[in-house]
Structure formats: C-alpha cells, structure tokens
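**Student:** Sequence plus predicted model, see below.
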Amino acid sequence: MEFMNKDVVSIKDFSRPELEKIFEIAEKMEMNGYDRSLLEGKKVGLLFYEPSTRTRLSFDTAAQSLGARTIWFAGVEGTSVMKGETLKDTIETVANYADAIVMRHPFDGSARWAAEITTRRVSRGESKVPIISGGDGKNEHPTQTMLDLYSMMRTQGKIDGLEILMVGDLKYGRTVHSLSYALSMFDCRISFVAPDMLQVPEHVTSFLRSKGVSFTKSAKIEDAIGRADIVYMTRIQKERFPDENEYNKVKGLYRIDRKMLQMAKPTMKLMHPLPRVDEIAIDADDDIRSYYFKQAGNGVPVRAALLSLVMGAVA
Ligand code: CP
C-alpha cells in the first residue's frame, strides 16, 4: 500500500484496503486528537476555481490541525486566471510553493490533467506534488466519497450489507458517481431514484454491472425509502444544466420531510453531501436519523488522514 505522493483523482484509483486504512487513521485522529507535528513546516495549496464551503474549509482545518500552513484562492477573481493563465501554468507555479495541492475545477478530467503536470516535474528532477481533487466538473468527488463511507461505517458499524438509496441529480452529481464506484468494493445494494432525465449515467451503471453490483432505478422515493439503511439525498444542480428550461422541469421534484421520514427504518441515516436547497425540509433537521451536518464534520478527520498519508507523515 503506497500512499506517499499518491494523487487523489478518482475513487477507482483506491482499493478497499486503502480506503480502510484511511478510515482507521481518521478514527484514531478523531478519538485521540490531531498531532500538529505531523505536517509542521509543510504547505497545502487550496485552489478552488468553483464555490465551496465544506471541501475547502475542512481541508483547511485538517491541514492546519496537523501543523501545515495553507495557501489558497477561492474563486478565480483576483488571480491570473483572469488574465488568461492556463490550468497547466497555475499548477506548475503553485507546485513550487506547496507540498500538496487540493483543487476544485469545473472541467471533467481537470484533476487528472493537474496530476499529470506534477508527475512530469519528476522527470525534471523536481518533487512530485500530489494532486487531490475536490471535485472536477460533473465527473467525480473522491474525498467526499471517503467521508461518506466513513460516515456509513461510523453510523451503521459496517458498509457491507447496507441498502443505499440515492436520490436527486444522479446524472450531473459527481458525489453520486464516486460513491457508486466505491460501493462496488463492498457488498451493498443500491437504489437510484431520479427522473429519467437525471438518472445515473450509463458509464456508471455499466461499471456497476461489470462488478456484479445489485441496483434498481425508479422515479419515486416511496419505492425504496422503507428498506434503505442510508438515504443519500442530492441537490438538483441548477448550475450544471445547459438549458434553464430543463432545470425548471425537475426543480423541487424531491423533498424529504418529517412526514416522509415516518416511512423509513428507525436505524436509517439521512445523508447529503450538501449544500441543500429544498430537497430536505428544515423540519427534518432535528430527526435523530438526520446525519448530514455530522457527515460534513467527518470531512476533517478523513481529509486529515488522507493528507498525512499522501504527504508521507504516516505510513
Ligand atoms: N459537499 C461539498 O462538496 O460541499 P461544498 O461544495 O460546500 O464543498
């Protein structure tokens, strides 16, 4: 298991034992506290070309909790991207300042490209700076999946055997794509609930079929909520629709409230990568099964564990 300088671009680049190693370290950090000497003297670059609250701030918190400093931009306003600087040139530059780079970018594949750029540095005798994706377009969000799986493990005591219901924007939702890929490493059943125009893409379902994962597709939450151990709600993402008229056809389609939660198991946990708009009613927040804010909190130990591994502070 080699983590040192490993890029975190797709959850498919990780094995189940590697994910379990991250969870083991995260759990220890959560229980015992963060050792500030682990990343003392290191710098983490946070390059966020798209808006973010949780991913950016939890990486920032995780890095600083381990003694690292962070350098960052949040939005391209005020950066030389506004003068036409390419992603390549920005990565080449920041790789001279930072020991690891966390990046969120609107283009699918941008994280892989950034990883290739810092890998080429090695042939020039320079250090490989690991790239950690904080989400690339509608493609993947691997570290969100790590904290999602960690949240499932912490709440249900296991991941194998769980019935996972995913609802909402399954087409453009990068968290759903990464989570689906990851669940193929466990013995889970998945129900996808979305209108036809937002159903999970064929490249994801083909992958699941190739791994023998059992899944169903439906347009109604009521078809699956009663048997779900995890309900994973997602926002219908207006910003990903090429045509606003298409968004208007599906906005507000799904909404879980206290009344609907009566149909769910007492042990079910309601998760959401957040931010939410209206797909989870405020009246559900105080239900004991609502876990989305604690789930976001789990981003700190999971991302701290990941940073300490890829930056070579723990093995
Ligand atoms: N879940 C998530 O990626 O949230 P942010 O967009 O706030 O980072």
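**Tutor:** Happy to help now that I have it. Residues are numbered from 1 along each chain as shown.
**Student:** Please count neighbours and contacts with C-alpha atoms only from this point.
**Tutor:** Will do.
**Student:** near the ligand, which residues of this structure show up?
**Tutor:** By CA under 6 Å from any ligand atom, the part of the chain that sits against the ligand consists of 52-56, 273-275.
**Student:** run the last query once more with 5 Å
**Tutor:** 52-55, 273-274 (CA under 5 Å from any ligand atom).
**Student:** now the helices for the chain?
**Tutor:** Under the criterion DSSP state H, helices of the chain are mapped to 16-32, 54-65, 87-94, 110-123, 142-156, 174-183, 202-210, 244-250, 258-261, 292-297, 299-310.
**Student:** Please identify the deepest-packed of those helices.
**Tutor:** Each of the helices of the chain was given a mean neighbour count from mean count of other CA atoms under 10 Å, and the largest, a mean of 26, is that of helix 299-310.
**Student:** Now tell me what touches it from outside.
**Tutor:** Helix 299-310 is touched from outside by 3-7, 22-23, 25-27, 29-30, 38-39, 54-55, 58-59, 61-63, 65-66, 130, 143-144, 146-147, 150, 314-315, with contacts defined as CA atoms under 8 Å, 6 or more residues apart in numbering.
**Student:** before we move on, back to that, lowest mean pLDDT across the helices of the chain, which one is that?
**Tutor:** Within the helices of the chain, the stretch with the lowest mean pLDDT is helix 244-250, showing a mean of 87.
**Student:** Not counting its own residues, what contacts that helix?
**Tutor:** Helix 244-250 is contacted by residues 195, 236, 238, 241 when judged by CA under 8 Å, 6+ apart.
**Student:** now those residues as JSON lines including pLDDT and distance to Ile282?
**Tutor:** Rendered in JSON lines, the data for those read as follows (pLDDT from 0 to 100; distance: CA to CA, whole Å):
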{"residue": "Pro195", "pLDDT": "94", "distance to Ile282": "23"}
{"residue": "Ile236", "pLDDT": "91", "distance to Ile282": "17"}
{"residue": "Lys238", "pLDDT": "85", "distance to Ile282": "21"}
{"residue": "Phe241", "pLDDT": "86", "distance to Ile282": "26"}
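**Student:** so of those, which ones are in strands?
**Tutor:** Counting by DSSP state E, none of the members of the contacts of helix 244-250 fall within strands.
**Student:** quick one: the residue nearest to Tyr150 when sequence neighbours are not counted and the ligand, what's the gap?
**Tutor:** When the adjacent residues along the chain are set aside, Tyr150 lies closest to Phe23, with 6.1 Å between them (CA to CA, 6 or more residues apart in numbering). Summarising the geometry, the distance separating Phe23 from the ligand, computed by CA to the nearest ligand atom, to the nearest Å, is 18 Å.
**Student:** before we move on, back to that, of all the helices of the chain, which lies closest to Arg227?
**Tutor:** Comparing the helices of the chain against Arg227 with CA to CA, the closest turns out to be helix 258-261 (12.0 Å).
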